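Colleague: Show me the folded form of this:
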Amino acid sequence: MYDINLIPENRYDNNTVAKTVVVVIAAVITSILLIYYGIIDPLRQRYHVEQMYRIHQSQIAGLETIAAEHTSTSTNLEQLRIRKETMRVLFEDKLPASLLVFKIDNAIPQGVHIISKNYGEGTMNLQGRAPSLLEVAALSIGLKNTGLFESVRIVSTDRDLVTGYVSFVINLKLTEEE
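Modeller: A predicted model of the protein is given here:
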């Protein structure tokens, strides 16, 4: 009669079915591997490369910001250095502090020690110790001879009986510039 089965019955056995199943499974596994390594893995790798590129770009942007801040800070520092030099020159043109100290130091006789100095509103008070009244007088004459002071006045002297030193206070009035 008419048989629907196109494969003859003697050729249709379990061995053929097993072989077909193995071939189908192998084809499916091969297809899965091809899809994974041909499509999915390259996409995954591309995603990681893009992610690393974005991280790299953000790091470069951060470094560019730091470089701009460094340039700005360097410019500000250079301006401050110029201002410092300008201020120092202006101050030394008016009355160099080193010249003032140099002249006062040269006026101090050997053995005289200045303990403290107070300065305010054009006057200066010096407190110190000297071996005798003669050195205190020499100090006041030396300070007057510097030309820095309008008046030099010995305010007080006091002799320590134990050590023999004389404590003194001298009031100085700075010469006003015209």
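Colleague: from here on, contacts and neighbour counts on C-alpha atoms
Modeller: Noted.
Colleague: and for the lowest-mean-pLDDT helix or strand in the chain, what are the contacting residues?
Modeller: In the chain, the helix or strand scored least confidently by mean pLDDT, DSSP states H and E is helix 97-107, which has a mean of 73. Contact partners of helix 97-107, identified using Cα atoms under 8 Å, 6 or more residues apart in numbering, comprise 139, 142-143, 146, 148.
Colleague: Among the residues you listed, which are located in helices?
Modeller: With helices taken from DSSP state H, the overlap with the contacts of helix 97-107 comprises 139, 142-143.
Colleague: possible to save those as CSV with distance to Ile82?
Modeller: Output for the ones in helices among the contacts of helix 97-107, formatted as CSV (distance: Cα to Cα, whole Å):
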residue, distance to Ile82
Leu139, 40
Gly142, 38
Leu143, 36
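Colleague: Tell me which helix or strand the residue most central in space within the chain sits in.
Modeller: The centre of the chain sits closest to Thr73, judged by Cα atoms, centre = their mean, with a distance of 10.0 Å. Assessed by DSSP states H and E, Thr73 sits inside helix 41-94.
Colleague: Mind giving me the packing neighbours of that helix?
Modeller: Counting contacts by 3 or more Cα pairs under 8 Å, 6 or more residues apart in numbering; DSSP states H and E, helix 41-94 packs against no other helix or strand.
Colleague: again, only using 10 Å
Modeller: For helix 41-94, the packing partners by 3 or more Cα pairs under 10 Å, 6 or more residues apart in numbering; DSSP states H and E come out as helix 97-107.
Colleague: Helix or strand next in line after the helix it packs on, which one?
Modeller: Once the chain leaves helix 97-107, the next helix or strand it forms, by DSSP H and E, is strand 113-120.
Colleague: Could you look up the next helix or strand downstream of the lengthiest strand in the chain?
Modeller: The longest strand of the chain (DSSP state E) is strand 149-159. Next along the chain after strand 149-159, taking DSSP H and E as the criterion, comes strand 166-174.
Colleague: Direction included, what does that following strand pair against?
Modeller: strand 123-130 (antiparallel), strand 149-159 (antiparallel) (DSSP bridges).
Colleague: May I see the domains of the chain written out as residue ranges?
Modeller: 1-94, 97-174 (automatic domain parsing).
Colleague: Those domains: lowest mean pLDDT?
Modeller: Mean pLDDT values for the domains of the chain show the minimum at domain 1-94, a mean of 80.
Colleague: where's Tyr119 relative to Gln127, distance?
Modeller: For Tyr119, the distance to Gln127 (Cα to Cα, to the nearest Å) stands at 12 Å.
Colleague: Find residues that contact each of the two.
Modeller: Asn171 (Cα atoms under 10 Å, 6 or more residues apart in numbering).
Colleague: Cheers, nothing more for now.
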